[in-house]
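Engineer: Make a model of this:
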Amino acid sequence: MTSTAQAPRSGAGTAHPDHLGHVIFIAAAAAMGGFLFGYDSSVINGAVEAIRTRYDIGSAALAQVIAIALIGCAIGAATAGRIADRIGRIRCMQIAAVLFTISAVGSALPFALWDLAFWRIIGGFAIGMASVIGPAYIAEVAPPAYRGRLGSFQQAAIVVGIAISQLVNWGLLNAAGGDQRGKLMGLEAWQVMLGVMVIPAVLYGLLSFAIPESPRFLLSVGKRERARAILEEVEGKSVDLDARVAEIEHAMKSEHKSTFKDLLGGSFFFKPIVWVGIGLSVFQQFVGINVAFYYSSTLWQSVGVDPTDSFFYSFTTSIINIIGTVIAMIFVDRVGRKPLALIGSVGMVVGLALEAWAFSYHLVDGKLPSAQGWTALIAAHIFVLFFALSWGVVVWVFLGEMFPNRIRAAALGVAASAQWIANWAITASFPSLADWNLSSTYVIYTVFAALSIPFVLKYVKETKGKSLEEMG
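Structural biologist: The predicted model follows:
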């Protein structure tokens, strides 16, 4: 335990910024990386069947093309902390914006399957960087009293990105006469779907020039006056700024640039707190949430839903995702992170179990029986709602808050990297598992949702209301 408790008291824990709207803008601009994260992750949903037919590939090969971006995500997440500590959070965002733009153009104009896969890896690297730098930056800039709500902007942006991508896909599909390979602007519809991401990618890059660097990074490189000015800008004049700077510097005194080596220790390779972060990341993915966003159109079509309707259901699921995220943003600082996670786990178990039951029935004339079909559709929305109001938000808030200052960047990178590896495992395995037994696949996801309950109860500590300097 460090001597952080002896640091000067600045009053930051209960302070309110003079211009809350400005702080909200800063958090929202940083969370634009989350929007691209959601958009890029989900937009492929509109291209799955087109890629399958254009390149004449089976489920296993298709899954690898869809999932290969997640390898880039894992690499980007693992390296983003080091990059951000070396050149700053803002520069890291700008690199991600450039990579997002390059990926969008390349993905829209592939000349072969391996070429498409390469551009998806590039986009994945950018997503991985954004997944780390967004919550870390917001946690460092946000006033402690608002940190949970502002931290949840990352997940809010992700779910809005998912919804917008589904809406754009649905609109483009209709414009192409319901055919993913129909012609639009001289390209096939699915290519236009992937290329549209250029617009938010450029916007993200522009917004990164309009927000300040993290005060903690500035103090780490000796820019004390600039850091003080930004602290006044985001935490307000009621804070004792000299004490606040001293408070942060006190927490950083014994720190060095966090590295992978700093995370080692304890009985099982990593320090226990790092394993908790990894566990949160893995459980968030092993409930199968991204199946709903990467494969939902294909899933609904496989049980007899019309292609255009399947895209519409994917969009309605995204709207439910947004509603759940708003609920989480309202309650994350009131109820706390841990209670929300537990509520969400229980709701996800119910939704996933109902889906597993509905998919256990045989298709009649290529469709699920009416009662089971409606149950599957409603249960899918229940699952997404409870995920969004809990694990979708609180995991990112936890990962931005739970680690001690001296290992935060490296630990967040490892936890986020674990999340992408788990995401890859689920995404790459789903088509083959679904071909084997769709109902049993959902039973597996249900089991992981159930196991998340004792994990949270035993290992996860509440971080509500604590300053980052109190984390050890």
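
Engineer: Quick check: end-to-end length of stretch 302-312?
Structural biologist: This stretch, stretch 302-312, spans 15 Å end to end (Cα to Cα, to the nearest Å).

Engineer: Could you pull out the strands in the stretch 251-400 of the chain for me?
Structural biologist: Ranges of strands in the stretch 251-400 of the chain, per DSSP state E, counting those that start in this stretch, are 264-268, 270.

Engineer: Least confident of the ones you listed, on average?
Structural biologist: The stretch with the lowest mean pLDDT among these is strand 264-268, at a mean of 68.

Engineer: next SSE after that strand?
Structural biologist: strand 270 (DSSP states H and E).

Engineer: Report how many residues lie close to V132.
Structural biologist: By other Cβ atoms under 10 Å, the residues close to V132 number 32. In short, each C-beta sits where N, CA and C put it, glycine included.

Engineer: What helix or strand is it located in?
Structural biologist: Assigned by DSSP H and E, V132 falls in helix 113-141.

Engineer: wait, what's in contact with Q419?
Structural biologist: Q419 sits next to 77, 131, 281-282, 284-285, 395 when contact means Cβ atoms under 8 Å, 6 or more residues apart in numbering.

Engineer: from the chain's centre, how far out does the helix or strand containing it sit?
Structural biologist: If you go by DSSP H and E, Q419 is part of helix 408-459. How far helix 408-459 lies from its chain's middle: 14 Å, per Cα atoms, centre = their mean, to the nearest Å.

Engineer: now that helix against helix 113-141, angle please.
Structural biologist: Relative orientation of helix 408-459 and helix 113-141, computed by axes from the mean of the first three to the mean of the last three Cα atoms, to 10 degrees: 80 degrees.

Engineer: circling back: going by neighbour count, which residues in the helix holding V132 are buried?
Structural biologist: The neighbour-count check on helix 113-141 (16 or more other Cβ atoms under 10 Å) flags 113, 116-141 as buried.

Engineer: Need the contacts of Q419 in TSV (columns: distance to G344).
Structural biologist: Output for the contacts of Q419, formatted as TSV (distance: Cβ to Cβ, whole Å):
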residue	distance to G344
A77	23
S131	20
S281	15
V282	16
Q284	10
Q285	14
V395	10
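
Engineer: what would the residues you listed look like in a markdown table with pLDDT and distance to A410?
Structural biologist: Listed next are these as a markdown table, based on pLDDT from 0 to 100; distance: Cβ to Cβ, whole Å:
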| residue | pLDDT | distance to A410 |
| --- | --- | --- |
| A77 | 81 | 11 |
| S131 | 80 | 15 |
| S281 | 93 | 14 |
| V282 | 95 | 18 |
| Q284 | 95 | 20 |
| Q285 | 94 | 21 |
| V395 | 90 | 18 |
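
Engineer: and which of those residues is nearest V23?
Structural biologist: S131 (21.9 Å; Cβ to Cβ).

Engineer: ok, now how distant is V168 from Q155?
Structural biologist: V168 sits 20 Å away from Q155, taking Cβ to Cβ, to the nearest Å as the criterion.

Engineer: Could you check which of the two is surrounded by more residues?
Structural biologist: Set side by side, V168 and Q155 show more neighbours around Q155, with 29 against 19, by other Cβ under 10 Å.

Engineer: With adjacent residues omitted, what lies nearest to the more buried one?
Structural biologist: Once flanking residues are discounted, Q155 sits nearest to V393: 4.4 Å by Cβ to Cβ, 6 or more residues apart in numbering.

Engineer: which ones are touching the nearest residue to Y442 once chain neighbours are set aside?
Structural biologist: Closest residue in space to Y442, ignoring its immediate chain neighbours: A356 at 3.7 Å, by Cβ to Cβ, 6+ apart. Contacts for A356 (Cβ under 8 Å, 6+ apart) come out as 439-440, 442-443, 445-446.

Engineer: Just among the residues you listed, which is most surrounded?
Structural biologist: Neighbour tally across those (other Cβ under 10 Å): the maximum, 28 neighbours, falls on Y442.

Engineer: Surely that one and E355 touch.
Structural biologist: Yes: here Y442 reaches E355: they are 4.8 Å apart, a contact under Cβ atoms under 8 Å.

Engineer: quick one: P215 and T101, what's the gap?
Structural biologist: Distance, P215 to T101, by Cβ to Cβ: 29 Å.

Engineer: quick one: which of the two has more around it?
Structural biologist: In terms of neighbours (other Cβ under 10 Å), P215 is the more surrounded of P215 and T101; the figures are 25 against 21.

Engineer: Apart from its neighbours in sequence, what residue is nearest the more buried one?
Structural biologist: A227 (4.1 Å).

Engineer: I figured that neighbour hits S220, correct?
Structural biologist: No: A227 is beyond contact range of S220, at 9.1 Å (criterion: Cβ under 8 Å).
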